[in-house]
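**Q** Have a look at this prediction, sequence included:
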Amino acid sequence: MLVDVPLFHLDRPFTYRVPEALQGAVHLGSRVKVPFGGRRRVDGWVVGRADELPTDARDLLRVVSPLPAFGPGELELLRWIADRYAGTVVDALRLAVPPRVAAVDAAVTGEASGPQADGRGRREPRPAGAGRDPLVDLVAAGRGGAVYWRPLPGEDRGARVAALVEAALAAGRGAIVVTPEVAAGSAVGDAVRKAFPDAADLASDLSDRRRYRAWAELRHGRRLVVVGGRSAVLAPLPALGLVVIDDEANFAHKEQRTPRFHAREVALRRAARGRALCVLTGTVPSPEALAAMQAGQCRLLRPDRAAERHARPLVEVVDPDDEGPTAARLHPRALAAVRAALHRGESAYVLVPRRGAADPAEPGARTAGQVAAELARILPWAPIWRLDREVVDPGMMPPWAGQLPGVIVGTVAGVKDHPPLTGCRTVVVLGADTALGQAEVRAAEDAYRTWSRAAAWCGHGRASAGRLVLQTRNGGHHAVQALVRWDPEFFWRHELPRRVELRFPPARRLVLAEGPDPEEAAAARAALAAALGPKAELLGPAAMGRGWRIIAKVEDAEWAARALRPVLTEASRTGGPRMSVDVEPLEVLAAPRQTT
């Protein structure tokens, strides 16, 4: 069995004797209590039966829960995640199973013989003569594989995902829908919850009791639909027919605890192993999804180009210097767009590059507070609101939302989480060049994706009254041009050669190692170099906060993670060099994480 002791070198099975009284209660996945080392008792999970019993084997003490934490398929997946992302199986198990609630165990076990829910809920029948959906047809036919679905601007993604879930249920199989977890929620997740009220909801903002109840009913086979954040991709659903990763490039799909898996990669693995269909959605594909498409591992399903061009939102690019300096650094056409929105009784969003209050020492800084203060002088009759972390948590609807038309001055976090107000169809982007110039591998990609999301608020089709005005001195940049054309393929045609030249994803894969003690950095680099071999390119160590960081460029991230396991095992056994590993990090210059 595996023991719940957080040391990498103890990530292996240990053998215990099962007392006669517990023989009928111990199965694969059983959660038990066992003695371990000098500790009186620790949690453990049964992973199999031993052919031979060591002479010094100790007795298992008791069975903690009647519900097995995993079956054979889930155990295989947990082991793969641990290998793929340089973690331990027990750490992966903690991410997969919500905290146990004993009362729920008793209640669900007692209900096991009752009527079974199928997770369907009530749905309106599809209208007669409705056009056929190729995605629905794939699910209904029980097809496996992976599809990247790029929706039309303004398309109701929630309704289409709900139709896919319905098709999976009609075929007698289950479905998992994974959405980015942000404070303001998910339109796709909400649509699935409404269409299937019996779905198992594993959203992380729910109580432990509700999440564990949902998980326990899945474990008992009482639910066939799962909805939630990234951990939902680990839900126990053996008869899997469909797994959807909505907005697959969203950073929220990347786990920040060890092992730092990405929901997209786990979904692709589960779909391949279970002969299910994996549907990735998004407007701008991640480089990892793009690599899967180029390798023939994922099929692209995009709308008709003429229909897409007709439905694209209106994007206007202006040079902030072409008409001289203006108040609040807004171009006259940008300010005119804001005024027009207010006169229509709508709000406008001004996207700024920096959060924070106005700083008298830096009057030229384009912080949210500075721009808001200047707009208040220009538009004294209009409400001006800030939406940044110093005023309101990202994604949370402020108490004044929807009260009156006004101007919201916010940062990228507000755009990524949710539109700040309903009916906001005008967006002005300040500091576009600042976003493009960020010292991050994915700076241009992330800026383009953020602008695309904001542009989608502005309405659809050229006749829409809304528009996005983007201020930049670099109007020819491929991210800007891709936004105007509404063409992510244009973006990647120009971005990929740069990534290849710099040997960044998807041309190469990255592995990030970091630790808390600068004196251990040299030893860590030597250990990484020996494990990864001469083909790996190591950058660093660099000082990050009080610790160090090393980036490795490798050809195969999964191979690299496995190659690093002996290094992590030895460091755990001997006490150093202390380090954590993030396989395929989304950011490499962000603040260092806590190392345990």
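**A** Sure thing, it's come through. Numbering: from 1, shown residues only.

**Q** wait, what's in contact with Val244?
**A** 161, 164, 175-178, 188, 278-281 (Cβ atoms under 8 Å, 6 or more residues apart in numbering). In short, each C-beta sits where N, CA and C put it, glycine included.

**Q** now Ala536
**A** Residues near Ala536 by Cβ under 8 Å, 6+ apart: 528-529, 552-554, 560.

**Q** run the last query once more with 7 Å
**A** 552-554 (Cβ atoms under 7 Å, 6 or more residues apart in numbering).

**Q** ok, and the most crowded of those residues?
**A** Ala552 (25 neighbours; other Cβ atoms under 10 Å).

**Q** Using just helix, strand and coil, how would you label it?
**A** With DSSP: H, G, I helix; E, B strand; the rest coil as the basis, Ala552 sits in strand.

**Q** how about the contacts of Ala536 in a markdown table, adding distance to Val42?
**A** Below are the contacts of Ala536 laid out as a markdown table (distance: Cβ to Cβ, whole Å):
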| residue | distance to Val42 |
| --- | --- |
| Ala552 | 34 |
| Lys553 | 39 |
| Val554 | 35 |
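
**Q** on that earlier part again, could you find which two of the contacts of Val244 are furthest from each other?
**A** Longest distance between any two of the contacts of Val244 is 15.4 Å, between Val188 and Cys278; criterion Cβ to Cβ.

**Q** So which of these two has more stuff around it?
**A** Comparing Val188 with Cys278 by other Cβ under 10 Å, the one with more neighbours is Cys278, at 28 against 24.

**Q** So Ala307 versus Arg270, what's the distance?
**A** Separation of Ala307 from Arg270 (Cβ to Cβ, to the nearest Å): 32 Å.

**Q** which of those two has more neighbours?
**A** Arg270 (22 against 11).

**Q** Would you mind pulling the contact partners of the host helix or strand of that one?
**A** Arg270 belongs to helix 263-274 when assigned by DSSP states H and E. Applying Cβ under 7 Å, 6+ apart, the contact partners of helix 263-274 are 77, 80-81, 144, 146, 178, 230, 233-234, 240, 243, 245, 248, 253, 276-278, 280, 288-289.

**Q** Buried subset of these, written for ChimeraX?
**A** Selection of the buried residues among these in ChimeraX, burial being defined by 16 or more other Cβ atoms under 10 Å:
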select :77,80,81,146,178,230,233,234,240,243,245,248,253,276,277,278,280,288,289
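
**Q** Filter the contacts of helix 263-274 down to the ones in strands?
**A** The strands, defined by DSSP state E, take in 146, 178, 240, 243, 245, 277-278, 280 from these.

**Q** would you list the residues you listed in CSV and tack on distance to Val101 and pLDDT?
**A** Listed next are the ones in strands among the contacts of helix 263-274 as CSV, based on distance: Cβ to Cβ, whole Å; pLDDT from 0 to 100:
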residue, distance to Val101, pLDDT
Ala146, 35, 97
Val178, 23, 97
Leu240, 25, 96
Val243, 26, 98
Ile245, 28, 98
Leu277, 33, 98
Cys278, 31, 98
Leu280, 33, 98
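
**Q** Between which two of those residues is the distance greatest?
**A** Leu240 and Leu280 (15.7 Å).

**Q** next structured bit after the host helix or strand of Lys33?
**A** Assessed by DSSP H and E, Lys33 sits inside strand 31-36. For strand 31-36, the following helix or strand on the C-terminal side (DSSP H and E) is strand 39-45.

**Q** residues making contact with that following strand?
**A** Contacts for strand 39-45 (Cβ under 7 Å, 6+ apart): 1-5, 29, 31-36, 61, 64, 69, 93.

**Q** Kindly recompute the last result at 6 Å.
**A** Residues outside strand 39-45 that contact it (Cβ atoms under 6 Å, 6 or more residues apart in numbering): 1-4, 31-36, 61, 69.

**Q** just stretch 149-160 next, same as before
**A** 187-188, 191, 279, 281, 301-303, 311-312, 460.

**Q** which of these tops the neighbour count?
**A** Among the contacts of stretch 149-160, the one with the most neighbours (other Cβ under 10 Å) is Val279, at 28 neighbours.

**Q** how much space between it and Gly29?
**A** Using Cβ to Cβ, one gets 29 Å for the distance from Val279 to Gly29.

**Q** continuing past the longest helix seen in the chain, what's the next helix or strand?
**A** Ordering each helix of the chain by length in residues (DSSP state H) puts helix 557-574 first. Sequence-wise, the next helix or strand downstream of helix 557-574 (DSSP H and E) is strand 580-583.

**Q** shaky segments in the protein?
**A** Scanning the chain for pLDDT under 70 picks out 112-131, 182-185, 323-328, 358-365, 389-403, 417-422, 461-463, 590-596.
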